[in-house]
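[1] structure for this input, please:
(one chain, ligands or ions: 1)
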Amino acid sequence: MNFLEERILKDGVVKSGDVLKVDSFLNHQLDIELLEQIGAEFHRRFADKPITKVLTIESSGIAIAYPVARAFGVPMVVAKKSQSVNLDGDLLVAEIESFTHKVTNRVIVSKKYLSAEDHVLVIDDFLANGCALQGLISLVEAADATVEGLGIAVEKGFQEGGQRLRNLGYHLESLAIIEDMDAESGKITFREQE
Ligand code: 5GP
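    This is a model prediction of the structure:
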């Protein structure tokens, strides 16, 4: 069992509706040492890729992507969920249906920050049905940049996103893959990974 799986067993809380709460260490209160370990682990797993940018989505992806970008020594780009007054010029836009909030968000990145020369590592905290990652991938593709890989802290393997993205040929690395979880007993089972 790896460091993140151990932490999920210790402090993760299974909620109804297939939601895992990680508020005490990943989302709300953040364990910085754990995040640095996550950054180092993604750096190790994608070390052979010529990464020039790390792309994530606000807000909970930011904390995971930051140590990854730092480990690679490249900028982190944050896809914004609303068109703020600070965003001007040409924009890359995608629609993403939120798993946790059941709403559709427009996500936006300025064309200034993703271009055809970029080799992008896409990072997020959770993978469920894959809408967030699909949206981020479409932003990279709209910029004619290259998706070098997808890095996820917690994949819920019983939902369809991971399988679909692997079938599409993307290099997807999830640090913990939950095979099964039960809100009543609180039991969590992980998929074996080498
Ligand atoms: P997807 O787009 O893959 O269906 O869902 C991924 C997004 O929904 C992630 O960006 C994450 O913020 C949120 N999410 C999905 N499932 C969970 C979960 O079980 N727990 C938490 N905390 N967030 C989740």
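
[2] number of nearby residues for the closest residue to Gln159 other than its chain neighbours?
    Residue nearest to Gln159 in three dimensions, not counting chain neighbours: Ala128, with 4.6 Å by Cβ to Cβ, 6 or more residues apart in numbering. Yep, even glycine has a C-beta here, placed from its N, CA and C like the rest. Ala128 has 20 neighbours, counted by other Cβ atoms under 10 Å.

[3] ditto for Glu95
    Applying other Cβ under 10 Å, we find 12 residues neighbouring Glu95.

[4] that one and Ser174: what is the separation?
    24 Å (Cβ to Cβ, to the nearest Å).

[5] my guess is the residue nearest to Gln159 contacts Gly17, does it?
    No: contact between Ala128 and Gly17 fails when scored by Cβ atoms under 8 Å: they sit 10.6 Å apart.

[6] would you mind listing what in the protein touches the ligand?
    Within the chain, the positions near the ligand by Cβ under 6 Å from any ligand atom are 19-20, 22, 27, 60, 99-100, 124-132, 161.

[7] just those residues: which are in strands?
    For the residues of the chain next to the ligand, membership in strands holds for Val19, Leu20, Asp124, Asp125, Phe126, Leu127, with DSSP state E as the criterion.

[8] for the residues you listed, which two are the farthest from each other?
    Val19 and Asp124 (15.3 Å; Cβ to Cβ).

[9] what subset of the residues of the chain next to the ligand is buried?
    For these, a burial check counting by 16 or more other Cβ atoms under 10 Å picks out 19-20, 22, 60, 99, 124-132, 161.

[10] out of the residues you listed, who's nearest Gly39?
    Of these, the one sitting nearest to Gly39 (Cβ to Cβ) turns out to be Asp125, at 13.1 Å.

[11] contacting residues around the closest one?
    Val22, Leu26, Asn27, Ser60, Gly61, Ala63, Ile64, Ile152, Ala153, Val154 (Cβ atoms under 8 Å, 6 or more residues apart in numbering).
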